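Enquirer: heads up, no residue letters with this:
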């Protein structure tokens, strides 16, 4: 025996947004995601935050520069003040220019270039600054702070950060060595400290970037799972009800005054299924219900549930609509036609439908296996219309508006004589004498005989 293919009403479950197969690993050296689309998604997600951080860093550097100016004026001789003001003026101008560039659309998407220019500028200006002012050798070691800032303050990823740190270190040391000759020991000491700064900064940035990327990947996996959950929830509950549940509402229950209920049952299916292979039975029932699901979507009504070979539909819940009865009646006609068209099981199965309109109470029941259900006389009467109807016909409560053409009513007495079950519990007195039935020949409503 072949294994049964499990499907949901003949429709495969859609894949949630965000395939998680590309998030399984990072390149050990570059910390890039294995899939190019996932790497691009990460960069797109990080870009707005990095751009905001870039502007924040520029403002912070501007404020630090303003604080350093009085300190430099006290540390250096008074005859150097014009050069100090000139140098700091250049710094402030460059910072302001970079801040303005960050708002230009071309550079807004290239904020890493802005940060690279900032790092190169300060490495250069700091080295030149010390050369011009003939600062003491130990003061030259302050260039290490530039390297630390590259790894700590600037929003570089690991590869760009490491490249900027090493490159600025080489630039700084080269300028110092060429324009301000130092003894070998102090220069080696400076080089050592800058190398240590790059090593510590690189390790810190590596782990920070790795954790940031893993967090992003895990969040995308969570989003994918939430997408699958929302897809599953949409197949169990009406969309508006599912949205309310996701927003944290509990004890969902609503009263609706104008609703039309439809119950449909495959008459003869139980006996027929016993004479056929399970695969044939499942394929037939799956095809029937998949067709019904398509018709439900076509007419914009709500499938409430299935129970064995029975199918339950409501119109006017949870979204109120004035044409609730007409939509269900048209749906019923198409359901009858569909069953007549799909008849592979010896032609022995026929559809019996009951319809009723009126008020209902609707809500979500259950905790772990919840479902959207309806209660009230309208639901009970629609069920009775179906169970005491005739195969191939639509048994309708008399006050349901006809969808197509005039209808001939039949009396409750004849209904009671034929079924002998139409007592007050099943059919309220206010509804007596108001029943009719319909068939589907040539898509016209026909009286019950």
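Expert: Received it, and whenever you're ready, just let me know what you need. No experiment lies behind these values; they were computed from the predicted model shown.
Enquirer: all the helices of the stretch 151-300 of the chain, residue numbers only.
Expert: Using DSSP state H, counting those that start in this stretch, the helices found in the stretch 151-300 of the chain span residues 158-179, 184-236, 239-246, 269-273, 278-299.
Enquirer: state the distance from residue 350 to residue 365.
Expert: 32 Å (Cβ to Cβ, to the nearest Å). To be clear about C-beta, it is placed using only N, CA and C from the backbone, and glycine gets the same treatment.
Enquirer: more neighbours: the two, which one.
Expert: Neighbours around residue 350 and residue 365, counted as other Cβ atoms under 10 Å, are more numerous at residue 350. The numbers are 18 against 12.
Enquirer: quick check: phi and psi at that one.
Expert: Listed backbone geometry of residue 350 is phi -130, psi 160, with angles given as degrees, to the nearest 10.
Enquirer: and the pLDDT at it?
Expert: What the model reports for residue 350 is a pLDDT of 84.
Enquirer: again, but for residue 379
Expert: Looking at residue 379, the pLDDT reads 92.
Enquirer: ok, now residue 423?
Expert: At residue 423, the model reports a pLDDT of 33.
Enquirer: returning to that earlier point: as JSON lines, the helices of the stretch 151-300 of the chain with mean neighbour count would be great.
Expert: Compiled in JSON lines, the helices of the stretch 151-300 of the chain are given as follows (neighbours: other Cβ atoms under 10 Å):
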{"stretch": "helix 158-179", "mean neighbour count": "18"}
{"stretch": "helix 184-236", "mean neighbour count": "15"}
{"stretch": "helix 239-246", "mean neighbour count": "16"}
{"stretch": "helix 269-273", "mean neighbour count": "16"}
{"stretch": "helix 278-299", "mean neighbour count": "17"}
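Enquirer: quickly, which of those helices bottoms out on average pLDDT?
Expert: Note on these: helix 239-246 shows the lowest mean pLDDT, a mean of 74.
Enquirer: for that helix, packing partners?
Expert: helix 184-236 (3 or more Cβ pairs under 8 Å, 6 or more residues apart in numbering; DSSP states H and E).
Enquirer: so the helix it packs on versus helix 158-179, what angle?
Expert: Here helix 184-236 points in a direction 160 degrees away from that of helix 158-179 (axes from the mean of the first three to the mean of the last three Cα atoms, to 10 degrees).
Enquirer: related to what we said a few turns ago, quick one: closest of the helices of the stretch 151-300 of the chain to residue 255.
Expert: If you check each of these against residue 255 by Cβ to Cβ, helix 239-246 wins as the nearest, at 14.6 Å.
Enquirer: residue ranges in the stretch 1-150 of the chain under the pLDDT threshold?
Expert: 1-24, 131-142 (pLDDT under 70).
Enquirer: hey, where'd the strands end up in it?
Expert: Assigned strands in the stretch 1-150 of the chain: none (criterion: DSSP state E, counting those that start in this stretch).
Enquirer: helices of that one, residue ranges please.
Expert: According to DSSP H, counting those that start in this stretch, the stretch 1-150 of the chain carries its helices in the segments 36-75, 81-101, 105-108, 111-132, 137-140, 143-152.
Enquirer: dump those helices to a markdown table, plus distance to residue 274 and mean neighbour count.
Expert: Formatted as a markdown table, these follow (distance: least, Cβ to Cβ, whole Å; neighbours: other Cβ atoms under 10 Å):
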| stretch | distance to residue 274 | mean neighbour count |
| --- | --- | --- |
| helix 36-75 | 52 | 14 |
| helix 81-101 | 79 | 15 |
| helix 105-108 | 70 | 12 |
| helix 111-132 | 71 | 20 |
| helix 137-140 | 95 | 16 |
| helix 143-152 | 75 | 21 |
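Enquirer: can you redo these as JSON lines with distance to residue 322?
Expert: JSON lines is the format used below for the helices of the stretch 1-150 of the chain (distance: least, Cβ to Cβ, whole Å):
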{"stretch": "helix 36-75", "distance to residue 322": "45"}
{"stretch": "helix 81-101", "distance to residue 322": "58"}
{"stretch": "helix 105-108", "distance to residue 322": "49"}
{"stretch": "helix 111-132", "distance to residue 322": "54"}
{"stretch": "helix 137-140", "distance to residue 322": "83"}
{"stretch": "helix 143-152", "distance to residue 322": "65"}
